[in-house]
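Colleague: can you look at this prediction? I've put the sequence above it.
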Amino acid sequence: MTKPVWTDSLTKRYGDVTAVDELNLTIEQGEVYGFLGPNGAGKTTTLRMLLGLITPTSGGVRLYGKDSTTRGHLDPVGALIEGPAFYPYLSGRENLRVLAHHAGITTNRVSVVLDEVELTERAGDKYSTYSLGMKQRLGIAAASLKDPALLILDEPTNGLDPAGMADMRGLLRKLGAQGRTVLLSSHLLGEVQQICDRVGVLSRGALVAERPVGELGAGGRLVVVTAQPAIAHTRLVAAYGDDTVRRHDDVLELDVDESDAAKINADLVGAGIDVSELRWRRPNLEEVFFSLTGGNHAA
Amino acid sequence: MLLSNIRAELAKALRRPANWLLLAVAVTLSLTFAYLIPYAGYAGGTAAPPNSDLGLPGMLPPAYVGNAIAGMPVFAGALAVILGVLVVGTEYTATTWKTVLAQGPSRATVYASKLATIAVATLAMTLVLAGVSAGASALVAAVENQPLDWPPLTEQLAGIGAGWLVALMWASFGALLAVVFRGVALPVGLGLVWLLAVQNLLAGIAAPLVDWIADLQLGLPGPNAGSLVAALGAGTDTPGVATTVGGGQAALVVAAYLVAFAVSGGWLLSRTDLD
């Protein structure tokens, strides 16, 4: 019962709408767990229930064996929920000092976490002057303030530009590598694949799949781009069957093993067909959802 | 944990520019209506209204406590409501409840620390108003060649304590409104409507016409706040200051409202979902 995160038939309803439906979730110590789902799937509602910000309609939540009514149940937990929120008239450093007081810890950690998120230089500036990326990093700093064993991060790359997202993912990988348990909520498949060990897929409030990240998004299709698509299509259908080959204009997609790529390339080139592009396309989030749910919980 | 949370709330309150603006407005209004305008009238030879305390004696040191707390039932009370709303309501508008509570303190601890901060801030406001009033009355006495006869210390402490109690009651009312309406704008608006409009309408129009409203007045926070400061020297020509009930009863009723506002705000906060 001392799992970092454990929920039992966790449910939240708003009138007739079920935001989270009988969710059973267990996260192991040291695991970086991805909580994947489209917007509105119930991820943030679940995380809010974990932190005691909202009350479940039914079911239970325990963090390290303690429910939300237990004194100090959030002591080993740091969280960033639905974007950073700080006091605009305080500097980044002052915000963290205030939060350290709320946490009942010394302010010694403030400089440490500012360094970790590379905000030391701008720590004296007012929060209202920060860019979105800086605000997100300050949010991560606040979540790390207690040096928590469990980090709960809700869409930490939301709104960031590609460079900011890359920086943030690097930071998250670093936090995960420090032995912490991390629960990362995201609607970005690639992000979860890059950072997490195991993934739970949430759709319409229900956990529809849970598996190691390597199995998520496995498979895919071989994409062949050629100037002679009709000839190539005929040849590939003859070799692999009509169900295996799809044609979209000059692009062909094949449901084959990744290891067949070289052979297919050689066959086409050997037949005088110019291949301008040959690549393996991983499934996107929608396709993963479709494959996991059989289309019943499509994103 | 409570002490460190109070420290956090005090740090936020001290650095919030709006709080200093509220204090500046309170001081300006107090000085203007208790000293500047009355002194201008006195110096210009304008006769004071027959029921007015605005003659020279009303500006001298013996009257300074009453002048300092006379605004608490209405205008300084309105500023206290805004203070209470800001301390609690900005957590909703800035969506910082999640940031604060994720650090681990209970809602009861955070709310109690906010009330403690409100208590410190309203005490500071009352002391500043008393200090400014004392300074202004000493200046008037010096200019008019009058003796510096300060009221007895017990009278000064009782007056300041009563002013603090009234300001704290109104600030707690503001904090409760912030929890009920989960923000700042609507609670400030409704709080001011109650203080500046509804109370005056009840006292000036409804109570003289309807007996049960007159009876109801005896139990409402505004008339009791006005009676409390009136019992401790505030001039009854000040809006909201009247001897509707005795000072003892008024103190008890105001204290009861303070406890009721504080407890109901904490109770409601502990039972609502937070964004």
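Modeller: Thanks, I have the structure now.

Colleague: contacts for stretch B:240-256, please.
Modeller: With C-beta atoms under 8 Å, 6 or more residues apart in numbering or on different chains as the test, stretch B:240-256 has contacts from B:70, B:73-74, B:77, B:162, B:165-166, B:169, B:199-200, B:203, B:217-219, B:221-232, B:234-236. The way it works is simple: take the backbone N, C-alpha and C, and place the C-beta from them, glycine included.

Colleague: rerun that using 7 Å as the cut-off
Modeller: With C-beta atoms under 7 Å, 6 or more residues apart in numbering or on different chains as the test, stretch B:240-256 has contacts from B:70, B:73-74, B:162, B:165-166, B:169, B:199, B:217-219, B:221-232, B:234-236.

Colleague: among those, which lie within helices?
Modeller: Secondary structure from DSSP state H places B:162, B:165-166, B:169, B:199, B:217, B:221-231 of the contacts of stretch B:240-256 in helices.

Colleague: write the PyMOL selection for whichever of the residues you listed are buried.
Modeller: Selection of the buried residues among the ones in helices among the contacts of stretch B:240-256 in PyMOL, burial being defined by 16 or more other C-beta atoms under 10 Å in any protein chain shown:
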select buried, chain B and resi 162+165+166+169+199+217+221+222+223+224+225+226+227+228+229+230+231
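
Colleague: and chain A, which of the ones in helices among the contacts of stretch B:240-256 contact it?
Modeller: Restricting these to those touching chain A (C-beta under 7 Å from any C-beta of the partner chain) yields no residues.

Colleague: on the three-state scheme, residue A:201 is what?
Modeller: Three-state assignment for residue A:201 (DSSP: H, G, I helix; E, B strand; the rest coil): strand.

Colleague: need the contact list for it.
Modeller: By C-beta under 7 Å, 6+ apart, the neighbours of residue A:201 are A:36, A:37, A:208, A:209, A:292.

Colleague: how many neighbours does the last one have?
Modeller: Using other C-beta atoms under 10 Å in any protein chain shown, residue A:292 has 21 neighbouring residues.

Colleague: state the pLDDT value of it.
Modeller: We note a pLDDT of 70 for residue A:292 in this prediction.

Colleague: now it. Nearest residue, chain neighbours left out?
Modeller: In this structure, residue A:292 finds its nearest non-sequential neighbour in residue A:209, 4.2 Å apart by C-beta to C-beta, 6 or more residues apart in numbering or on different chains.

Colleague: give the pairing partners of the helix or strand where the one you found lies; include direction for each.
Modeller: Using DSSP states H and E, residue A:209 sits within strand A:206-212. Strand pairing for strand A:206-212, determined by DSSP bridges: strand A:198-203 (antiparallel).

Colleague: what average pLDDT does the partner strand get?
Modeller: 90.

Colleague: next one: that strand to chain centre, how far?
Modeller: Averaging C-alpha positions (C-alpha atoms, centre = their mean, to the nearest Å) puts strand A:198-203 9 Å from its chain's average.

Colleague: for that strand, C-alpha coordinates in CSV please.
Modeller: The C-alpha trace of strand A:198-203 is given here as CSV (Å, rounded to 0.1, in the frame of the first residue of the first chain):
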residue,chain,number,x,y,z
ARG,A,198,5.3,3.2,-18.8
VAL,A,199,2.2,4.7,-20.2
GLY,A,200,-1.5,4.8,-19.2
VAL,A,201,-3.9,5.9,-21.9
LEU,A,202,-6.9,7.8,-20.7
SER,A,203,-10.0,8.3,-22.9
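
Colleague: ok, how many other residues are close to the residue nearest to residue A:292?
Modeller: Neighbours of residue A:209 (other C-beta under 10 Å): 18.

Colleague: so it makes contact with residue A:288?
Modeller: No. The pair residue A:209 / residue A:288 is not scored as a contact, 8.7 Å apart, by C-beta atoms under 7 Å.

Colleague: so for residue B:144, what's the nearest residue that isn't a sequence neighbour?
Modeller: With C-beta to C-beta, 6+ apart as the criterion, residue B:144 has its nearest non-adjacent residue at 6.3 Å, and that residue is residue B:56.

Colleague: give me the distance between the one you found and residue B:62.
Modeller: According to C-beta to C-beta, to the nearest Å, residue B:56 and residue B:62 sit 11 Å apart.

Colleague: higher neighbour count, those two?
Modeller: residue B:62 (19 against 16).

Colleague: enumerate every residue touching that one.
Modeller: Applying C-beta under 7 Å, 6+ apart, we find residue B:62 in contact with B:149, B:151.

Colleague: okay, it: pLDDT?
Modeller: Per-residue confidence (pLDDT) for residue B:62: 94.

Colleague: from residue B:227, how far off is it?
Modeller: Distance, residue B:62 to residue B:227, using C-beta to C-beta: 21 Å.

Colleague: repeat that for residue B:114.
Modeller: Residue B:114 sits 28 Å away from residue B:227, going by C-beta to C-beta.

Colleague: residue B:252 too?
Modeller: From residue B:252 to residue B:227 the distance is 11 Å (C-beta to C-beta).

Colleague: same check on residue B:105?
Modeller: Counting by C-beta to C-beta - residue B:105 and residue B:227 are separated by 38 Å.

Colleague: repeat for residue B:258
Modeller: In this view, residue B:258 and residue B:227 are 15 Å apart by C-beta to C-beta.

Colleague: ok, residue B:158 next?
Modeller: 14 Å.

Colleague: before we move on, back to that, what bridges to the residue nearest to residue A:292?
Modeller: Bridge pairing for residue A:209 - DSSP bridges - gives residue A:201.

Colleague: enumerate the residues of chain A near chain B.
Modeller: Contact residues (C-beta under 7 Å from any C-beta) of chain A with chain B: A:51, A:53-55, A:72, A:74-75, A:79, A:81, A:85-87, A:89-90, A:94, A:98-99, A:101-104, A:142.

Colleague: thought residue B:228 was touching residue B:162?
Modeller: Yes. Residue B:228 is within contact range of residue B:162, at 5.1 Å (criterion: C-beta under 7 Å).

Colleague: longest helix in the chain, please.
Modeller: Using chain A. Under DSSP H, chain A gives helix A:162-177 as its longest helix.

Colleague: actually it's chain B I care about, not the one you picked
Modeller: If you go by DSSP H, chain B has its longest helix at helix B:107-143.

Colleague: quick one: mean pLDDT over that one.
Modeller: The predicted model gives helix B:107-143 an average pLDDT of 97.

Colleague: and it, what's buried?
Modeller: Buried, per 16+ other C-beta under 10 Å, within helix B:107-143: B:107, B:109-123, B:125-126, B:128-130, B:132-134, B:136-138, B:140-141.

Colleague: again, but for stretch A:261-275
Modeller: Burial within stretch A:261-275, assessed by neighbour count using 16+ other C-beta under 10 Å, is assigned to A:261, A:264, A:267, A:268, A:273, A:275.

Colleague: please apply the same query to stretch B:68-75.
Modeller: Using 16+ other C-beta under 10 Å as the test for burial, stretch B:68-75 gives B:68, B:69, B:70, B:71, B:72, B:73, B:74, B:75.

Colleague: take these and lay them out in JSON lines including pLDDT and distance to residue A:183.
Modeller: Converted to JSON lines, these look like this (pLDDT from 0 to 100; distance: C-beta to C-beta, whole Å):
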{"residue": "B:68", "pLDDT": "94", "distance to residue A:183": "55"}
{"residue": "B:69", "pLDDT": "94", "distance to residue A:183": "54"}
{"residue": "B:70", "pLDDT": "93", "distance to residue A:183": "57"}
{"residue": "B:71", "pLDDT": "91", "distance to residue A:183": "52"}
{"residue": "B:72", "pLDDT": "93", "distance to residue A:183": "50"}
{"residue": "B:73", "pLDDT": "91", "distance to residue A:183": "52"}
{"residue": "B:74", "pLDDT": "90", "distance to residue A:183": "52"}
{"residue": "B:75", "pLDDT": "91", "distance to residue A:183": "51"}
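
Colleague: next step: those residues restricted to strands.
Modeller: Counting by DSSP state E, none of the members of those fall within strands.

Colleague: okay, those in a markdown table with distance to chain A next?
Modeller: Shown next, in a markdown table, are the buried residues of stretch B:68-75 (distance: C-beta to the nearest C-beta, whole Å):
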| residue | distance to chain A |
| --- | --- |
| B:68 | 29 |
| B:69 | 30 |
| B:70 | 32 |
| B:71 | 27 |
| B:72 | 27 |
| B:73 | 31 |
| B:74 | 29 |
| B:75 | 25 |
